[in-house]
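> Task: produce atomic coordinates for the following.
(2 chains)
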Amino acid sequence: MSPSAKSQAVGSPHITNREVAAELALVADLLQIVEANRFRVMAFQNAAEAVRTLGQDINILHAEGQLESIHGVGEAIAKAIAEMLETGQVQEFEKLKAEVPIGVVEMLHVPDVGPKTARRLWQELNVTSVDALREAAEAGKLRELKGFGAKSEQKILRGIELAARRSDDRIPLGEARPLAQSLVTSLRARLPERALQRLEVTGSLRRWRETIGDVDMLAVSDTPDAVMEAFRTLPQVESVLGSGGAKTSVVLTTGMRVDLLVVEAKQWGAALQYFTGNKEHNIEMREIALRQGWSLNEKSLTATGSGKAPEGEERFFEDEADLYAFLGLDWMPPEMRENRGEINLARRHQLPTLVTLGDIRGELHGHTTWSDGAADIAEMADAARGRGYAYWSVSDHSVGLGMVGGLDPERLQAQAAEIAKLNERWANQGEDFRLLRGCEVEVLADGTLGLPDEAMAALDVVVASIHSGLRQDRETITARCLKVVYNPHVDILGHPTGRIIGVRPPSELDVERVLHACAETGTVVEINAHPSRLDLNDVYARRAVELGCKIAINSDAHERAGMEMMEYGIATARRAWLRPQDVINTYPLEQMLGFLKDRRGPVQRA
DNA sequence: GCCGTTTTCGGCCCGACTGTTTTCAGTCG
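Prediction:
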């Protein structure tokens, strides 16, 4: 049975990975509140995270009887997931939900309210919603609880306000990076150079995660108190959540939370490691250390006495690589530190060599004033040459996209003349640069394309993208997309899911099926590098390459500066473990064109 | 409830900060 047939065979309402993950996480919360065994709680949390970051449709895994192949999903949870996918709900989970008011679970999302507090509020004060919690705190009722005082009430009120204002939205990477850089600059400006020996942004920003929950920063200083004071009083800071000699947490006027940690120079390696990996990566690292007789924290390794070193012996590392090496691991790029298998590869010295910005030799998707771009062809070409590229594809919108003056075959011909003239000039000057004839062809609602086949056949590079009808149901939009992928004239599938991070959710596209089709036809899949798109995302891009697809990383620039967004696309590719050979715009021009020619098949080659 | 480069049973990461405590539990990352 073909993979596409398999996913079609799955009956019942389609339940997504995200929904399964959310349900497992909810069960973990419920279990915490009813004071279940904490390791059982952890098992549900781990399983939720594993499903959330799964690279493929869980329905397909279920159809293949492979649910237990997910690391963190064992016999019991696999059975529950199967029940959920088949019937829409799990009997055991429903019983648990009936036991605990949903408002009590919602109280967990208020900062400083954990499972113990939520349970006591519910059982001892009969508080069963966030609203009721606010009323009780305002009325001074919380201090009736043992261990609670006026300050606890204030803290909870502030937490409710914070949670309401901040919502669950994480900040897109493209907004968070400049913000974090401005903090670094401000902090440096306020302190003498010798007071701040090192300062780096860590956490999810250093891993280039597509959205950021809060900003983590790490510093080395001999005078931590002065650093903390300077940090707390930055003009961007609205309030201080907590501040000690080692760590300070603040909330900025933008609502963003920022943590700053200060360590000694000899602790830098352990601290940078600790504050870069995600939670799962770090837990794995500490377990590895433990097995070798060392306890790992954010400052050092300390011998537990179970290994060769005498108990209490401490080891320091001035940089990360030394720490990893001490534990028998290769240094891992920050983008990989998500506990998706990188630690095992590091142990076996088999980490992939990831693609870098310097590997990129050109771009295959960008716009000019011929459609909705802000710079003309010559200006965009200059920007591309300025970045050291050997080629850049002029790929303006085709007709079919209502809002912009898209190109029809006649205008494409006229554009070709301008491109030829510019190419001739560079050839005469002996410059190693070439503009390619391309187009971003509109995919219409029924899956037909904005250009006839003959017009596409004359082009060097054809990108096909969906811009409208993104809310079509799963079957419709998937069929529409498959039609495009099977068109031999289409070289690249542009921003496949159509999402805009924080604004518009991805379409319901069955990405797994589309990627199978791309692998089969040799259709290249885009990582659109714009930080509001990053489409494909890291998880899908990794899956694409696993299935045998090639990738193109494109900034989709509409003006010269747009090309600077390439670094976000590279970061996404690195998070997907992509190597230069997986990315066709790392190839030299002739090799890249040869690849496209070969995949178009014998009709076009003739 | 999950898992295995010491284990199919017996473990399961680590520490800072806070508030209300006289020694610690809860929360967070």
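> How about the contacts made by the closest residue to DNA strand B within the stretch 501-606 of chain A?
Proximity of the stretch 501-606 of chain A to DNA strand B (CB to the nearest atom of the strand) peaks at residue A:539, 18.7 Å away. The C-beta positions use only the backbone N, C-alpha and C, and glycine is treated the same way. Residues in contact with residue A:539 (CB atoms under 8 Å, 6 or more residues apart in numbering) are A:53, A:54, A:55, A:576.
> now do residue A:41
Neighbour list for residue A:41: A:28, A:31, A:32 [criterion: CB under 8 Å, 6+ apart].
> quick one: pLDDT of the last one?
Per-residue confidence at residue A:32 stands at 90 (pLDDT).
> what is the mean pLDDT for stretch A:387-403?
89.
> ok, longest strand in chain A?
strand A:434-442 (DSSP state E).
> With adjacent residues omitted, what lies nearest to residue A:308?
Nearest residue to residue A:308, sequence neighbours excluded (CB to CB, 6 or more residues apart in numbering): residue A:293, at 6.7 Å.
> For chain A, which residues score under the pLDDT cut-off?
Counting by pLDDT under 70, chain A shows low-confidence ranges at A:1-13, A:165-169, A:401-404, A:601-606.
> so how far is DNA strand B from the most centrally placed residue in it?
Against the mean C-alpha coordinate of chain A, by CA atoms, centre = their mean, the closest residue is residue A:210 at 3.6 Å. Between residue A:210 and DNA strand B the distance, using CB to the nearest atom of the strand, to the nearest Å, works out to 18 Å.
> re earlier: which residues touch the residue nearest to residue A:308?
A:303, A:304, A:305, A:306, A:307, A:308, A:309.
> ok, now residue A:172?
Residue A:172 makes contact with A:210, A:211, A:212, A:501, A:502, A:531, A:532, according to CB under 8 Å, 6+ apart.
> roughly how far apart are it and residue A:213?
Computed as CB to CB, to the nearest Å, the residue A:172 to residue A:213 distance reads 12 Å.
> Quick one: the strands in the stretch 351-500 of chain A, in order.
With DSSP state E, counting those that start in this stretch as the criterion, the stretch 351-500 of chain A has strands at A:362-363, A:391-394, A:434-442, A:461-465, A:492-493.
> what residues does the stretch 1-150 of chain A put near DNA strand B?
Residues of the stretch 1-150 of chain A found near DNA strand B (CB under 7 Å from any atom of the strand) are A:37, A:39-40, A:42-44, A:46-47, A:68, A:70-78, A:108, A:110-118, A:143, A:146-150.
> actually the stretch 301-450 of chain A, not the one I wrote
So the stretch 301-450 of chain A meets DNA strand B at A:302, A:306, A:347, A:348 (CB under 7 Å from any atom of the strand).
> List only buried entries from the contacts of residue A:293.
Buried residues within these, counting neighbours by 16 or more other CB atoms under 10 Å: A:303, A:304, A:309.
> Leaving aside the residues adjacent along the chain, what's closest to the residue nearest to the centre of chain A?
In space, residue A:210 is closest to residue A:534, 5.0 Å off (CB to CB, 6+ apart).
> what about the one you found, neighbour count?
A count of nearby residues for residue A:534, using other CB atoms under 10 Å, gives 27.
> Residue A:526 is in contact with that one, correct?
No: using CB atoms under 8 Å, residue A:534 is not in contact with residue A:526; the gap is 10.7 Å.
> Tell me which stretches of the stretch 151-300 of chain A form helices.
A:173-190, A:203-206, A:224-232, A:268-274, A:279-291 (DSSP state H, counting those that start in this stretch).
> Now do the contacts for the nearest residue to residue A:541 once chain neighbours are set aside.
Excluding the flanking residues, the one nearest residue A:541 by CB to CB, 6+ apart is residue A:576, at 3.6 Å. Applying CB under 8 Å, 6+ apart, we find residue A:576 in contact with A:527, A:536, A:538, A:539, A:540, A:541, A:542, A:544, A:545.
> give me that answer again for 6 Å
Applying CB atoms under 6 Å, 6 or more residues apart in numbering, we find residue A:576 in contact with A:538, A:541, A:542.
> Please apply the same query to residue A:436.
A:391, A:393, A:460, A:461.
> what does residue A:224 give?
So residue A:224 contacts A:245, A:262 (CB under 6 Å, 6+ apart).
> quick revisit: will you turn the contacts of residue A:576 into a markdown table that also has secondary structure and neighbour count?
Below are those laid out as a markdown table (DSSP: H, G, I helix; E, B strand; the rest coil; neighbours: other CB atoms under 10 Å):
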| residue | secondary structure | neighbour count |
| --- | --- | --- |
| A:538 | helix | 26 |
| A:541 | helix | 30 |
| A:542 | helix | 20 |
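> ok, of those, which one's closest to residue A:260?
Here the nearest of these to residue A:260, counting by CB to CB, is residue A:538; it sits at 27.3 Å.
> With adjacent residues omitted, what lies nearest to that closest one?
residue A:575 (3.7 Å).
> Please report how far the one you found lies from residue A:313.
Computed as CB to CB, the residue A:575 to residue A:313 distance reads 36 Å.
> returning to what we had before: next, the residue nearest to the centre of chain A: phi, psi?
The phi/psi pair for residue A:210 (degrees, to the nearest 10) reads phi -70, psi -30.
> right, and it touches residue A:533 too?
No: counting by CB atoms under 6 Å, residue A:533 is not a contact partner of residue A:210; they are 9.6 Å apart.
> sorry, back to before: can you tell me which of the contacts of residue A:172 are buried?
Among the contacts of residue A:172, the ones that count as buried by 16+ other CB under 10 Å are A:210, A:211, A:212, A:501, A:531, A:532.
> quick check, nearest of those to residue A:429?
residue A:531 (35.0 Å).
> Without its sequence neighbours, what residue ends up closest to the closest one?
Nearest to residue A:531 is residue A:174, by CB to CB, 6+ apart, at 2.8 Å.
> Distance of that neighbour relative to residue A:532?
Taken as CB to CB, the span from residue A:174 to residue A:532 is 6 Å.
> where exactly do the helices run in the stretch 451-600 of chain A?
Under DSSP H, counting those that start in this stretch, the stretch 451-600 of chain A gives helices at A:453-457, A:474-485, A:511-521, A:538-546, A:566-575, A:589-600.
> For the fifth one, enumerate the helices and strands it packs against.
If contacts are counted by 3 or more CB pairs under 6 Å, 6 or more residues apart in numbering; DSSP states H and E, helix A:566-575 sits against strand A:524-528.
> now what about the strand it packs on, what contacts it?
Counting by CB under 6 Å, 6+ apart, A:491-495, A:518, A:535-536, A:541, A:544, A:549-554, A:556, A:569, A:572-573, A:584 sit against strand A:524-528.
> let's see it at 8 Å
A:365, A:463, A:491-496, A:515, A:518, A:534-536, A:541, A:544, A:549-554, A:556, A:569, A:572-573, A:576, A:584, A:596, A:599.
> One more: stretch A:307-322?
Contact with stretch A:307-322 is made by A:265-270, A:272-273, A:276, A:292-294, A:299-305, A:323, A:326, A:331, as judged by CB under 8 Å, 6+ apart.
> Kindly write the PyMOL command that selects the buried subset of those.
Selection of buried members from the contacts of stretch A:307-322 for PyMOL, criterion 16+ other CB under 10 Å:
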select buried, chain A and resi 267+268+269+270+272+273+276+292+293+294+299+300+301+302+303+304+323
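> Of all the residues in the longest helix along chain A, which ones are buried?
In chain A, assigned by DSSP state H, the helix with the most residues is helix A:409-428. Neighbour-count burial for helix A:409-428, counted by 16+ other CB under 10 Å, picks out A:411, A:412, A:415, A:418, A:419, A:422, A:423.
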